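> compute the structure for the input listed below.
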Amino acid sequence: MNAAHRDTALDALLYPFAQGLLHWPEAALFLRARAGAGGHGRHFIATQPFKPEVDRLQRAGIDILDEDTLPAAAFPLVLVLPPRQREEARALLATACKAVAPGGVVVVAVSNDEGAKTRETELKQLATTVSTLSKFHCRVFWTAANATLNTDVIAQWARLDAPRVQACADVPAGSFHTRPGVFAWDRIDAASRLLVEALPSNLQGRVADFGAGWGYLSQQVLGRCPQVTALDVFEADARALALAQCNLADAKVPVTYHWQDVAAGVAGRFDAIVCNPPFHALGRGDRPDIGRAFIAAASTALRAGGRLWLVANRHLPYEEALGSGFAQVRTVAQQGGFKIVEAVKA
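This is a model prediction of the structure:
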């Protein structure tokens, strides 16, 4: 792996084992695992809601568990790569402390620029004794085998990222199902709102939402476009897809849900696709390659004459991908740092 794509948090997480400070048991649990941890005799089972990473883990022969239904006090070693969002990260630390067996160890690693010091302080609130070291511009910290866990705080934090209903006047039901950590979990994303304002009402036939999140664009398509006869919802985050199913439960047309990496290609043929493609993966850096892959997948999946409606940050270089995949491309609007594009398949 080259330096630009090095997974420094994962490297830091494994560093105490490489130095002999910690020892890997016969089996371990890895919360939000990434596939680079495999090999060298390390055996673990994993949780991971992000489908592209799940695919990599499964290709490496690693079993995936449901994070919301883990057995308690069952694992001698629990490793954690926490997300950035505070409530979700605290809930994941609590999950780790609930899952670790008596005498077991919880090990956490976070990049310095993604809140390492805060996450370390939070683990100290859950366990009496925590060791730490800095490596690769990250912190790795772990509980002592004899640590006393603060069960009251663990129980409180475990509920922090639970699904809930958020009031919102901008959706048909006046509220939507959401949970912390999902993209735009507590608001309507500004880019998606701008795309909805530009959408025509004459989208028809079978429509797909690429990277649907909790379902806002899908809701708006169904509410604004009466000629839509079927909807396919594609989302790589399992947590978001479950919310979309709740938010679209009252749809009057058939809805099919796909836990899928759109960038890897999509089967099926559609009359229209709406899309607010992600431009980050599990890290912070811009990933315009993801958006370009979404555009390529849309070009393949659309029927002749089919329409892609896309919103993106103005600075992201999607023009070449749009030009090579579509016969007609026009910029419909530019506002607030975003651009709305309609592209028509030849």
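> CA only for contacts and neighbour counts going forward, please
Noted.
> just the buried residues of stretch 258-271, please?
By 16 or more other C-alpha atoms under 10 Å, the buried positions in stretch 258-271 come out as His258, Trp259, Gln260, Asp261, Val262, Ala263, Gly265, Val266, Arg269, Phe270, Asp271.
> that should have said stretch 11-29, apologies.
Of all the residues in stretch 11-29, those buried under the rule 16+ other C-alpha under 10 Å are Asp11, Ala12, Leu13, Leu14, Tyr15, Pro16, Trp24, Ala28, Leu29.
> please apply the same query to stretch 109-118.
Those would be Ala109, Val110, Ser111, Asn112, Glu114, Gly115, Ala116, Lys117, for stretch 109-118 by 16+ other C-alpha under 10 Å.
> swap in stretch 291-305?
Within stretch 291-305, the residues that count as buried by 16+ other C-alpha under 10 Å are 291-304.
> follow-up on the earlier one: now render the buried residues of stretch 258-271 as TSV, adding secondary structure and pLDDT.
Formatted as TSV, those follow (DSSP: H, G, I helix; E, B strand; the rest coil; pLDDT from 0 to 100):
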residue	secondary structure	pLDDT
His258	strand	98
Trp259	strand	98
Gln260	coil	96
Asp261	coil	94
Val262	helix	95
Ala263	helix	92
Gly265	coil	92
Val266	coil	94
Arg269	coil	94
Phe270	strand	98
Asp271	strand	98
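> a markdown table for the residues you listed, including distance to Pro277?
Compiled in a markdown table, the buried residues of stretch 258-271 are given as follows (distance: C-alpha to C-alpha, whole Å):
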| residue | distance to Pro277 |
| --- | --- |
| His258 | 16 |
| Trp259 | 15 |
| Gln260 | 13 |
| Asp261 | 11 |
| Val262 | 10 |
| Ala263 | 10 |
| Gly265 | 14 |
| Val266 | 14 |
| Arg269 | 19 |
| Phe270 | 17 |
| Asp271 | 18 |
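> ok, back up a step: which one of the buried residues of stretch 11-29 sits closest to Asn202?
Closest approach to Asn202 among those (C-alpha to C-alpha): Leu29, at 49.4 Å.
> contact partners for the closest one?
If you count contacts by C-alpha atoms under 8 Å, 6 or more residues apart in numbering, Leu29 has them with Phe44, Ile45, Ala46, Thr47, Phe75, Leu77, Val78, Leu79.
> ok, it to Gln58 distance?
Computed as C-alpha to C-alpha, to the nearest Å, the Leu29 to Gln58 distance reads 15 Å.
> what segments of the stretch 151-300 of the chain are strands?
Here the stretch 151-300 of the chain has its strands, by DSSP state E, counting those that start in this stretch, at 164-167, 175-178, 204-210, 227-235, 255-259, 270-275.
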